[in-house]
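**Student:** sharing a sequence plus its predicted fold:
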Amino acid sequence: MAAGSNLDLLTEQVKRFHPELVSVATPELARELAPRLRAERVTIVHGLEGAIAVATHTDAQLVMSALVGAMGLQPTLAAIKAGKDIAFANKEVLVIAGELITAAVRANQVRLLPVDSEHNAIFQCLEGRGRNFLKRIILTASGGPFRELPADGFASITIEAGAQASDLEDGQQDYDRFGDPDEQGTGSY
């Protein structure tokens, strides 16, 4: 199991499901979690390397990719290369590296399974049908930070404006919390 910083929920889940390995965002959180799980036989890891260790665990058959923003890219790619099917709970990894991910999926013969509601609905409509069946897909945009912006205003949208009202900002916060991947470790506690 991988979690960011919600130790209360993670503690409940570990006691219920008894995983061998759990990952949290930081070494400090790992040290805080350890006494809560003394009675459990679990290894606690942290940071990006910890998330990758969870995503590539030998016993994992299906990996839920739900880390916010770019933080999910490396663990998801590592899981694919390890032959794990991927359930996507968000779209960020595909938005930032869709070509890379789909090439890895084909090369490693794993499945991408959309879990997010809109993506799953499209998947269900297309599952088992050939390309000739598809004429077009029409997606509506019912939300987002620019839903009320007139079409002629889209040319002036900045990255900063999008990040202010989107998950991109959350992704940066996650990056800030996880830190530089090159400085993270998988120390056990």
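**Tutor:** On my side now, so go ahead. Residues are numbered from 1 along each chain as shown.
**Student:** could you pull out the strands in the protein for me?
**Tutor:** Applying DSSP state E to the chain gives strands spanning 21-24, 43-46, 62-65, 85-88, 112-114.
**Student:** mind putting those strands into CSV with mean pLDDT, distance to Gln74 and mean neighbour count?
**Tutor:** (Each C-beta comes from the backbone N, C-alpha and C, glycine too.) What follows is the strands of the chain, written out as CSV (pLDDT from 0 to 100; distance: least, CB to CB, whole Å; neighbours: other CB atoms under 10 Å):
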stretch, mean pLDDT, distance to Gln74, mean neighbour count
strand 21-24, 97, 13, 24
strand 43-46, 97, 14, 23
strand 62-65, 94, 11, 20
strand 85-88, 94, 13, 20
strand 112-114, 90, 17, 17
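**Student:** I'd like those strands laid out as TSV, including distance to Met71.
**Tutor:** Formatted as TSV, the strands of the chain follow (distance: least, CB to CB, whole Å):
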stretch	distance to Met71
strand 21-24	12
strand 43-46	13
strand 62-65	10
strand 85-88	14
strand 112-114	18
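**Student:** residues in contact with Leu126?
**Tutor:** With contact set as CB atoms under 8 Å, 6 or more residues apart in numbering, Leu126 has these partners: 133-134.
**Student:** pLDDT wise, what is it at?
**Tutor:** You'll see Leu126 listed with a pLDDT of 77.
**Student:** sorry, back to before: so which of the strands of the chain comes closest to Pro150?
**Tutor:** Closest to Pro150 of the strands of the chain is strand 112-114 (CB to CB; 30.9 Å).
**Student:** who does that closest one pair up with?
**Tutor:** Looking at strand 112-114 with DSSP bridges, its partner strands are strand 85-88 (parallel).
**Student:** okay, Ile157 and Leu94: tell me how far apart.
**Tutor:** Applying CB to CB, to the nearest Å, the value for Ile157 to Leu94 is 21 Å.
**Student:** more neighbours, these two?
**Tutor:** Shown here are Ile157 and Leu94; by other CB atoms under 10 Å, Leu94 has more neighbours (20 against 12).
**Student:** report how many residues lie close to the residue nearest to that one when sequence neighbours are not counted.
**Tutor:** Residue nearest to Leu94 in three dimensions, not counting chain neighbours: Ile101, with 6.0 Å by CB to CB, 6 or more residues apart in numbering. If you count neighbours by other CB under 10 Å, Ile101 ends up with 20.
**Student:** summarise which helices and strands the longest helix seen in the chain is packed against.
**Tutor:** Ranked by residue count, the top helix of the chain under DSSP state H comes out as helix 92-108. On a contact count with 3 or more CB pairs under 8 Å, 6 or more residues apart in numbering; DSSP states H and E, helix 92-108 meets helix 73-81, strand 112-114.
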